[in-house]
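Novice: Here you go, sequence then predicted model.
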Amino acid sequence: MQYSKSFIFTVREDPKVAECVSHKLLLKGSFLYMVSSGIYSYLPLGLRVLENVSNIIRKHMNASGAQEILMSALQPIEIWQKTGRDEVLSEVMLRFKDRKNRTLVLGPTHEEEVTEIVKKHISSYKQLPRILYQIQTKFRDEARPRFGVVRSCEFIMKDAYSFDVDEEGLARNYEAMRSAYQAIFKECGLNFIMTEAESGAMGGNVSHEFMVPAEIGEDMLCECQKCGKHFKDMSNCPECDSKLNERRMIEIGHVFKLGTKYSKAQEALFIDKDGVRKPVIMGCYGIGVSRVLAAIVETNYDDKGVIWPKSVSPFDVQFVCLDEKLIPEASSMVESLERNGFNVLFDERSEPAGVKFNDAYLLGNPYIVIIGKNYASSKKIDLEIRKTRQKTSLSEEELINFLKNEYGK
RNA sequence: CGGGAGGUAGCGAAGUCCGGUUCAUCGCGCUUGGUUUGGGACCAAGAAGCCGUGGGUUCAAAUCCCACCCUCCCGACCA
């Protein structure tokens, strides 16, 4: 992608509307466009990261046997009345009437709808277990949207639902999802903590949360000064009796054993081996995909900008050409990088070097390649690692080998 | 929903107390021409504003008064 033709428009000043790091940097680097408080559009850069995170999620979901679907955002109020959650979630639920005077809601979550789907299609133990998931936009009328994409009224969520014949099956799927989550967050470059949690309005009795320690976190965990373990309560460490510190956390994922709360209320029944009709045993598993973006930025940045982990960065390489006369050479190198499977943002603009460097740092792609004056004599280009800011001079061949090695290609 | 701060050109800000040729100003960005090109460079010329919205007070309002809207922060709330 040529920078001069891209829809990338960084700004020099910090946006006034943003206070926290992720909100500020994502707007400054034109990853996001702010429509209104708690409402954001994804520009090309932001969408690339979102897609990368989504694809990591898909990979691990599919590997654990889950199948992707896409449910409607518009839902009739009636399915919510079956479980009583039209009342429980009334504060956050966006509802309106259509032309037929029927009440519709913009789905804040999808337990009810997925249960209807399963009710229609599953009737025998032979059709179980199954896991369905989707990556989709959720709508919540938040009392106070904040921190950009951390808490917004419209956000992207991965929600998965498991369906089993018994508790043992549920336990297996719950474990499968839990380990998939650990793999997903690790691959996204997040330092996360898994902890037992309350089930809240979801129902069920077992649940775990995945948390990322960050300044702006809205949840609090107690961290042991000695052994580093985390707990909900502020008594001395149950493991080693040392003092605990409070630490703020961003919740990025939550898994629940739901049991039969929804299947009973909505009569999603199957006939078991013994001929008895039983409610399907359910679990649900959520990841705040857009919130993962924010959490990554909140924990991967410096005074110059974002430092994306390799696995999610919009581009692998930002290729900075500092001399117009070298554009033909630079173009051929960019092409060869692309042939080798790397995504390259080719900065061929006629801007001063400082502008290009600062944009590269702000956008946070992991590798910055610089071609300039020294190339004519040495035939070497410079590679700068975004994270460490270390620079080395390399030949084209050395560069490609280095990157292949870094990306395991 | 309670408390605090704020809204002036695309972005960031000054001006608001004390109303009036210092009132529409500055920096960045943008347009045109030229010089530059390994760290946000320089010169020249330009375009761009219902001073958040509506009402009021006054000879006169960005500035004073009232109402509303929007944004950020703290708290309550948060599957």
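Specialist: It's in. Worth saying up front: this structure is predicted, and the values here are computed from it rather than measured.

Novice: RNA strand B contacts on the stretch 1-150 of chain A?
Specialist: A:10-20, A:23, A:34, A:36-38, A:89, A:91-92, A:108-109, A:138, A:140, A:142-147 (Cβ under 7 Å from any atom of the strand). Placement of C-beta: from N, CA and C, glycine included.

Novice: Strands of the stretch 251-400 of chain A, start to end?
Specialist: Here the stretch 251-400 of chain A has its strands, by DSSP state E, counting those that start in this stretch, at A:269-271, A:277-279, A:281-288, A:301-302, A:305-306, A:317-321, A:344-347, A:367-371, A:381-385, A:391-394.

Novice: Whether the third one contacts RNA strand B - can you check?
Specialist: Yes: on the criterion Cβ under 7 Å from any atom of the strand, strand A:281-288 is in touch with RNA strand B at A:286, A:288.

Novice: mind checking how far that strand is from the chain centre?
Specialist: 15 Å (Cα atoms, centre = their mean, to the nearest Å).

Novice: Give the rounded mean pLDDT of it.
Specialist: Averaged over strand A:281-288, pLDDT sits at 97.

Novice: can you list the residues that contact stretch A:313-326?
Specialist: A:1, A:31, A:44-45, A:48-49, A:52, A:308, A:310, A:327, A:330, A:333-334, A:337, A:342-348, A:350, A:353, A:356-357, A:360, A:363-373, A:375, A:403, A:407 (Cβ atoms under 8 Å, 6 or more residues apart in numbering).

Novice: ok, now with 7 Å
Specialist: Contact with stretch A:313-326 is made by A:45, A:48-49, A:327, A:330, A:334, A:337, A:342-348, A:350, A:353, A:356, A:360, A:363-373, A:375, as judged by Cβ atoms under 7 Å, 6 or more residues apart in numbering.

Novice: again with stretch A:49-67
Specialist: A:31, A:42, A:68, A:131-133, A:135, A:156, A:158, A:160, A:176-177, A:180, A:183-184, A:187-188, A:287, A:289-290, A:292-293, A:311-312, A:314.

Novice: Using ChimeraX, define a selection of the buried residues within those residues.
Specialist: Buried residues among the contacts of stretch A:49-67 (16 or more other Cβ atoms under 10 Å), as a ChimeraX selection:
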select /A:31,42,131,132,133,135,156,158,160,176,177,180,183,184,187,188,287,289,290,292,293,311,312,314
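
Novice: quick one: which of the contacts of stretch A:49-67 sit in helices?
Specialist: A:176-177, A:180, A:183-184, A:187, A:289-290, A:292-293 (DSSP state H).

Novice: Could you verify my assumption that A:T260 touches A:I281?
Specialist: Yes: here A:T260 reaches A:I281: they are 6.2 Å apart, a contact under Cβ atoms under 7 Å.

Novice: out of the two, which sits in the more crowded spot?
Specialist: A:I281 (24 against 16; other Cβ atoms under 10 Å).

Novice: what's the distance between that one and RNA strand B?
Specialist: Going from A:I281 to RNA strand B by Cβ to the nearest atom of the strand, to the nearest Å gives 17 Å.

Novice: Give the bridge partners for that residue, please.
Specialist: A:I281 has these beta-bridge partners by DSSP bridges: A:D164.

Novice: Tell me where chain A has helices.
Specialist: Counting by DSSP H, chain A has helices at residues A:21-28, A:44-63, A:77-83, A:85-88, A:111-121, A:167-187, A:261-265, A:289-299, A:327-339, A:353-363, A:375-378, A:396-406.

Novice: out of the ones you listed, deepest packed?
Specialist: The highest mean neighbour count among those, using mean count of other Cβ atoms under 10 Å, belongs to helix A:289-299: a mean of 26.

Novice: relative orientation of that one and helix A:21-28 in degrees?
Specialist: 100 degrees (axes from the mean of the first three to the mean of the last three Cα atoms, to 10 degrees).

Novice: What lies in contact with helix A:289-299?
Specialist: Helix A:289-299 has contacts (Cβ under 7 Å, 6+ apart) with A:21-22, A:25-26, A:49-50, A:53-54, A:57, A:135, A:147-150, A:155-158, A:188-191, A:212, A:214, A:216, A:250, A:252, A:306, A:309, A:312.

Novice: Find out how far that helix is from the centre of the chain, if you would.
Specialist: Per Cα atoms, centre = their mean, the centroid offset for helix A:289-299 relative to its chain is 6 Å.

Novice: likewise stretch A:324-341?
Specialist: For stretch A:324-341, the distance to the chain centre is 32 Å (Cα atoms, centre = their mean).

Novice: Quick one, grab the pLDDT at the nearest residue to A:Q390 once chain neighbours are set aside.
Specialist: The shortest distance from A:Q390 to any non-neighbouring residue, by Cβ to Cβ, 6 or more residues apart in numbering, is to A:E384 (7.0 Å). For A:E384, the pLDDT comes out at 97.

Novice: surely A:E384 meets A:T392?
Specialist: No: look at A:E384 against A:T392 with Cβ under 7 Å: they stay out of range, at 8.3 Å.

Novice: which of the two has more neighbours?
Specialist: Legend: neighbour count by other Cβ under 10 Å for A:E384 and A:T392, higher for A:E384 (19 against 13).

Novice: partner residues bridging that one?
Specialist: A:I368, A:K391.

Novice: From A:G341, how far out is it?
Specialist: Distance check for A:E384 against A:G341: by Cβ to Cβ, to the nearest Å, it reads 21 Å.

Novice: How about A:L394?
Specialist: Distance, A:L394 to A:G341, using Cβ to Cβ: 18 Å.

Novice: now A:T299
Specialist: Here A:T299 is placed at a distance of 28 Å from A:G341 (Cβ to Cβ).

Novice: swap in A:I296?
Specialist: From A:I296 to A:G341 the distance is 23 Å (Cβ to Cβ).

Novice: Within range of RNA strand B, give me the residues from the stretch 251-400 of chain A.
Specialist: Listed as neighbours of RNA strand B in the stretch 251-400 of chain A under the rule Cβ under 7 Å from any atom of the strand: A:254, A:256, A:286, A:288, A:322-324, A:350-355, A:357-359, A:361-362, A:370-375, A:381-382, A:384, A:391.
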